[in-house]
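Colleague: Sequence isn't available, so here's the structure alone:
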């Protein structure tokens, strides 16, 4: 427990400090986290982290994380064009390796690069929001995610009886999940109280609800694929906490979700 606490405080201080700084510092941190996350993903599915196909995955993650706004230029390709070219690259790998890496492995690497690269890139997008309130939107989503996690844990421990999804995550309960949703919505409500000019109460409720539900599903996604590969943690970078994907499983689902569905009002 002591090790877990020390790691949590140190990692949290680094993350929040660079988030407050924003700009290149925060973007660099997110890029490093994304690359480590893809390393963990590749290792989990049985690929050599230094193999050619995995290196292509790292390159794809870097493309997703390219800070076009900080560079002051427009992206040369649309999101759809980039994803299609990435898919084509991984399809070609099956040919170039003469099926030594078959479609099942390359498809997983494609999904991993898209899942992780997109997730962290939208965190960067939130922090550099064009309305100048990126810190507000980033903290809103992070606080809702953390509140949902804490609410689900403590409410589940206190009152949880009905199992939410025992085949995937045996400790999660329906009562805990509902508690997490309520806490996330309450946190979003507080953000609306603080800045009603940025966030209406109605939209705050929608964001809180979406963050909690999608965030808990993101956690279950992580649990599902770890169970498939028979592992407890995606990595060991953070002693007592696991790897990057263990800590960020909700983040890399929630941030793209609220942006793609345009729940953040500056869209």
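Modeller: Happy to help now that I have it. What you see is a predicted model; the values in this text were computed from it and never measured.

Colleague: Give me the pLDDT for residue 75.
Modeller: In the predicted model, residue 75 carries a pLDDT score of 84.

Colleague: surely it meets residue 67?
Modeller: No - with contacts counted by Cβ atoms under 8 Å, residue 75 stays clear of residue 67, the gap being 10.3 Å. (Glycine included, C-beta is placed from N, CA and C.)

Colleague: Those two: which has the busier surroundings?
Modeller: Legend: neighbour count by other Cβ atoms under 10 Å for residue 75 and residue 67, higher for residue 67 (18 against 13).

Colleague: List the residues that contact that one.
Modeller: Going by Cβ atoms under 8 Å, 6 or more residues apart in numbering, residue 67 touches 24, 27, 124.

Colleague: what's it sitting at in phi/psi?
Modeller: Here is the backbone geometry of residue 67 (degrees, to the nearest 10): phi -80, psi 70.

Colleague: measure it to residue 102 for me?
Modeller: Residue 67 sits 35 Å away from residue 102 when distances are taken as Cβ to Cβ, to the nearest Å.

Colleague: Please apply the same query to residue 40.
Modeller: As judged by Cβ to Cβ, residue 40 and residue 102 stand 22 Å apart.

Colleague: before we move on, what about residue 123?
Modeller: Note on residue 123: its distance to residue 102, by Cβ to Cβ, is 33 Å.

Colleague: now do residue 153
Modeller: For residue 153, the distance to residue 102 - Cβ to Cβ - is 40 Å.

Colleague: Residue 123 and residue 102: who's more crowded?
Modeller: Neighbour totals were compared for residue 123 and residue 102, and residue 123 leads with 27 against 11 (other Cβ under 10 Å).

Colleague: so which strand or helix has the more buried one?
Modeller: Per DSSP states H and E, residue 123 falls inside helix 103-127.

Colleague: How about the helix or strand following that helix, which residues are buried there?
Modeller: Following helix 103-127 in sequence order, the next helix or strand is helix 134-159 (DSSP H and E). Judged by neighbour count (16 or more other Cβ atoms under 10 Å), helix 134-159 contains these buried residues: 134, 136-149, 151-153, 155-156.

Colleague: do stretch 22-38 as well
Modeller: Going by neighbour count (16+ other Cβ under 10 Å), the buried part of stretch 22-38 is 22, 26-27, 29-31, 33-38.
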